[in-house]
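Undergrad: Below are the sequence and a predicted model for it; my questions follow.
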Amino acid sequence: MSTTTATTAPAAPRAGVTPWRTLWQQLMRSAASEAPALRRALFGLMAAALLQGLALACLLPLFDALLPAPHWGRAWPWLVVWTALALAVQVLRWRALGFDYHGHMATMTHQLRTQLGEQLRRMPLLKLQDKRAGEMNAHLLGSVDENLNYTVTIFNFAAQAVLTPLAAALVLMFWDWRLGLAMLLVFPALIPMYRWRMPAFGRGFRILAQANARASGDILEYSQGLPVLRAARSEGARAQRLQESFAHLENVQVIGQQKGSKPNVIIASVVEVGLLLVMAAGVAWVVQGSLSVAVLAAVFVMLTRFAEPLATFISFMSIFQLIETALERVAALLAIEPLAQAMPVQIPTRYDIAFDGVDFRYAQDASPVLQGFSAHMPAHSLTALVGPSGGGKTTVTRLLMRHADPQAGRVTIGGVDVRAIAPEVLNSLVSVVFQDVYLFDDTVLNNIRMARLEASDDEVREAARAAQCLDFIERLPHGWNTRIGEIGGRLSGGERQRISIARALLKNAPIVVLDEPTAALDTESEVAVQRAIEALVQNKTVIVIAHRLSTIAGAQQILVIDQGRALEHGKHAELITHHGRYAALWKAQQSVKQWRVSSTST
Ligand SMILES: Nc1ncnc2c1ncn2[C@@H]1O[C@H](COP(=O)(O)OP(=O)(O)OP(=O)(O)O)[C@@H](O)[C@H]1O
């Protein structure tokens with residue numbers, strides 16, 4: 001089987017600016033059931049920021065009442081209004097930030113993780129196989145936990161940096177339109193400047209996110225593949241690749257920081273200079289006599305008060321971008337549609353399989369893998385798929401299991417198009433035994449039981465016995481309750497294979513796909529696995545992918561697949577006398593002495 005090792009090239013970073021509306025929608029979609037609470041929290045923070053601006057604007061009448069001669073009667077009502085507004089600000093902010101400390105954020109990220117996990121279950125397997133495990137991990141945990149968690153905090157900074165001065169400046173317009181207008185020009189200038197820098201920021205962050213995901217994938221692949229690398233004595237070379245991946249990450253970070261901090265300093269300086277100009281103009285107008293000292297003093301205090309949130313916001317602007325990138329990645333993952341369910345939903349009652357004029361290509365612009373492929377695999381019989389590597393054998397089984405849909409033609413089980421079979425029913429109809437067996441870090445018992453969760457212990461044991469697993473399971477330190485993680489790589493290839501067959505036996509699906517399960521085993525293991533397979537395939541519709549023709553010489557039907565077409569089909573003896581492709585393959589294998597004398601009838 002050609003396992004899918006292709007790592008998709010990272011999507012080209014998008015240069016455009018994501019509109020606020022889209023971001024808001026993405027955020028609300030990510031928040032799912034917490035969306036109303038999040039909306040309330042964010043609106044609460046906006047209202048708090050605006051009220052804070054109004055509270056600061058109270059300084060204008062207050063200073064007016066105190067300067068040049070203090071007038072208590074005019075001052076105290078504004079003191080009261082200021083206090084009331086300040087209290088309202090605190091209440092609103094506490095309530096809004098409660099989104100975090102009341103656990104809504106934790107619920108939101110938990111739900112999002114669950115939703116993404118569910119999406120992994122629903123998305124076409126082919127799309128999932130295109131992503132490396134480490135990259136997926138970086139997407140899931142990185143995007144959700146490391147980035148989205150700070151949404152409310154960062155939003156709070158942003159609201160205080162932009163909305164508070166905006167509200168104060170609007171009030172100031174009534175006192176002195178020149179100063180008010182100048183302030184209105186300086187603070188909201190932050191937004192266009194930020195949006196202007198966004199494409200570069202965004203590019204940097206997307207490249208950084210991709211570099212992180214790539215490094216994450218490389219680390220996982222390196223650690224998991226270490227035994228193979230050591231055996232091939234190429235761990236050094238691979239480590240070199242890992243180093244290159246780290247170096248790339250460092251490079252991207254350095255460039256990102258340069259590209260990110262420089263504009264940050266520029267934006268901060270522009271705003272600071274703008275504020276100084278406002279102050280200078282105010283002083284000039286006071287000297288000229290067109291502005292009162294009281295208004296200027298109030299504006300001075302206000303500007304000083306605005307400076308801190310502004311600085312905080314500018315230094316956190318990059319986190320804002322991280323959140324945007326995370327939202328985009330989550331949205332992209334959630335946007336992958338599951339394969340459409342054809343109606344009406346049907347359940348097959350027979351288990352013969354037919355491929356009818358199937359055309360398939362993995363991507364729109366890729367060359368076709370199957371072209372007009374037609375074949376019939378009778379029920380309760382064994383069909384072997386043989387042919388040169390890359391001919392399309394694995395693809396045929398993938399289409400049967402509906403990892404993807406063909407572009408033309410149809411695949412049927414018992415005459416029912418697989419597109420009309422509900423996914424969980426289709427899963428229950430087909431068992432697969434791969435060459436590489438995946439065992440989970442759970443007990444041996446549970447690793448077998450996962451094929452049918454409701455199976456009793458006795459049923460699991462019976463499946464294990466039929467799959468020739470009893471001898472080695474009973475030798476394990478805690479027998480059936482030994483955790484796979486505990487024994488690490490102590491199970492041999494044949495033993496792992498037999499666990500996988502025990503799973504398939506327990507599942508007892510009417511169709512069994514065997515993808516070269518014995519190809520990598522030594523003769524002794526192969527005999528045991530072969531016996532287990534014999535128990536598994538009784539009365540089933542079986543498809544075997546085989547390279548060593550001697551292992552399938554006894555098949556009821558042999559299908560030769562080359563360049564996406566079924567070239568020949570028949571029994572071994574018929575195909576040999578036919579002197580076609582199969583006969584040539586057989587001869588070639590014999591001549592290089594790669595055949596096994598003891599051909600077993602699977
Ligand atoms: N996920 C994938 N994305 C793109 N192309 C793929 C993918 N999987 C397989 N292919 C391509 O499709 C063609 C058929 O592959 P397939 O794995 O079906 O052949 P095969 O006959 O099973 O080969 P082998 O005997 O080596 O396992 C090959 O050219 C392969 O490169």
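TA: Here it is on my side, so go on. Numbering: from 1, shown residues only.

Undergrad: Now for this structure, the helix or strand with the poorest mean pLDDT.
TA: Across the helices and strands of the chain, mean confidence by mean pLDDT, DSSP states H and E is lowest for helix 133-137: a mean of 63.

Undergrad: Look up how far Ala86 lies from the residue in the chain sticking out farthest from the centre.
TA: Within the chain, Ala69 marks the point farthest from the mean C-alpha position, 66.0 Å out by CA atoms, centre = their mean. Separation of Ala69 from Ala86 (CB to CB, to the nearest Å): 26 Å. Placement of C-beta: from N, CA and C, glycine included.

Undergrad: Any buried residues in stretch 29-36, and which?
TA: Buried residues in stretch 29-36, counted by 16 or more other CB atoms under 10 Å: 30-31, 34.

Undergrad: before we move on, back to that, quick one: mean pLDDT for the following helix or strand past the least confident helix or strand of the chain?
TA: Downstream of helix 133-137, the next assigned helix or strand under DSSP states H and E is helix 151-175. For helix 151-175, mean pLDDT rounds to 89.

Undergrad: And for stretch 492-510?
TA: Stretch 492-510 carries an average pLDDT of 86.

Undergrad: where does the stretch 51-200 of the chain dip in pLDDT?
TA: Across the stretch 51-200 of the chain, the ranges flagged by pLDDT under 70 are 128-147, 187-191, 193-200.

Undergrad: residues of stretch 326-335 that come out buried?
TA: 326-331, 333-334.

Undergrad: Over to stretch 556-565?
TA: 557-562, 564-565.

Undergrad: Pull out the buried positions in stretch 490-506.
TA: By 16+ other CB under 10 Å, the buried positions in stretch 490-506 come out as 491, 493-506.

Undergrad: centre of the chain versus the longest helix along the chain, how much separation?
TA: Longest helix of the chain, by residue count under DSSP state H: helix 235-288. Centroid separation for helix 235-288 versus its chain: 29 Å, with CA atoms, centre = their mean, to the nearest Å.

Undergrad: Likewise for stretch 311-326?
TA: Worked out by CA atoms, centre = their mean, stretch 311-326 lies 22 Å from the chain centre.

Undergrad: Please save the CA atoms from that stretch in PDB.
TA: Output in PDB follows, covering the C-alpha atoms of stretch 311-326 (Å, rounded to 0.1, in the frame of the first residue of the first chain):
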ATOM      1  CA  ALA A 311       1.100  51.800  24.500                       C
ATOM      2  CA  THR A 312      -0.300  48.500  25.800                       C
ATOM      3  CA  PHE A 313      -2.500  48.100  22.700                       C
ATOM      4  CA  ILE A 314       0.300  48.800  20.300                       C
ATOM      5  CA  SER A 315       2.600  46.300  22.000                       C
ATOM      6  CA  PHE A 316      -0.200  43.700  21.900                       C
ATOM      7  CA  MET A 317      -1.200  44.400  18.300                       C
ATOM      8  CA  SER A 318       0.700  41.300  17.300                       C
ATOM      9  CA  ILE A 319      -1.500  39.100  19.500                       C
ATOM     10  CA  PHE A 320      -4.500  40.600  17.800                       C
ATOM     11  CA  GLN A 321      -3.000  39.300  14.600                       C
ATOM     12  CA  LEU A 322      -2.300  35.900  16.200                       C
ATOM     13  CA  ILE A 323      -6.000  35.700  17.100                       C
ATOM     14  CA  GLU A 324      -7.000  36.700  13.500                       C
ATOM     15  CA  THR A 325      -4.700  34.000  12.100                       C
ATOM     16  CA  ALA A 326      -6.100  31.400  14.500                       C
END
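
Undergrad: Could you give the average pLDDT over it?
TA: Stretch 311-326 comes out at a mean pLDDT of 76.

Undergrad: my read: Leu491 touches Asn447, true?
TA: No. Using CB atoms under 8 Å, Leu491 makes no contact with Asn447, being 10.3 Å away.

Undergrad: Need the overlap of contacts for those two.
TA: Here Leu491 and Asn447 have 439, 484, 499 as joint contacts, going by CB atoms under 8 Å, 6 or more residues apart in numbering.

Undergrad: Now render those as CSV, adding distance to Val80 and secondary structure.
TA: CSV is the format used below for the shared contacts of Leu491 and Asn447 (distance: CB to CB, whole Å; DSSP: H, G, I helix; E, B strand; the rest coil):
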residue, distance to Val80, secondary structure
Leu439, 71, coil
Ile484, 70, helix
Ile499, 76, helix
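
Undergrad: Distance to Glu516 for these - can I get that in CSV?
TA: As requested, the shared contacts of Leu491 and Asn447 are exported to CSV (distance: CB to CB, whole Å):
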residue, distance to Glu516
Leu439, 18
Ile484, 23
Ile499, 17
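
Undergrad: got a list of what Ile413 touches?
TA: 348, 350-353, 400, 421, 426, 429, 511.

Undergrad: same check, this time on Val444
TA: Shown in contact with Val444 (CB under 8 Å, 6+ apart): 473, 476, 479-482, 484, 499.

Undergrad: That one and the ligand, how far apart?
TA: Remark: distance between Val444 and the ligand (CB to the nearest ligand atom, to the nearest Å) = 29 Å.

Undergrad: and what of Gly73?
TA: Look at Gly73 and the ligand: by CB to the nearest ligand atom, they are 81 Å apart.

Undergrad: From Arg329, how far out is that residue?
TA: Distance of Gly73 to Arg329, given as CB to CB: 60 Å.

Undergrad: just checking, what packs against the helix or strand where Leu181 lies?
TA: Leu181 is part of helix 177-186, with elements assigned from DSSP H and E. Packing partners of helix 177-186 (3 or more CB pairs under 8 Å, 6 or more residues apart in numbering; DSSP states H and E): helix 151-175, helix 235-288, helix 293-334.

Undergrad: How about it, which residues are buried there?
TA: Buried residues in helix 177-186, counting neighbours by 16+ other CB under 10 Å, are found at 179-180, 182-184, 186.

Undergrad: next one: stretch 387-395
TA: 387, 391-395.

Undergrad: These also near the ligand: which ones?
TA: Filtering those for proximity to the ligand (criterion: CB under 6 Å from any ligand atom) leaves 387, 391-395.

Undergrad: Among those residues, name the ones in helices.
TA: Per DSSP H, these map to helices at 393-395.

Undergrad: Including pLDDT, could those go into CSV?
TA: Shown next, in CSV, are those (pLDDT from 0 to 100):
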residue, pLDDT
Lys393, 91
Thr394, 90
Thr395, 92
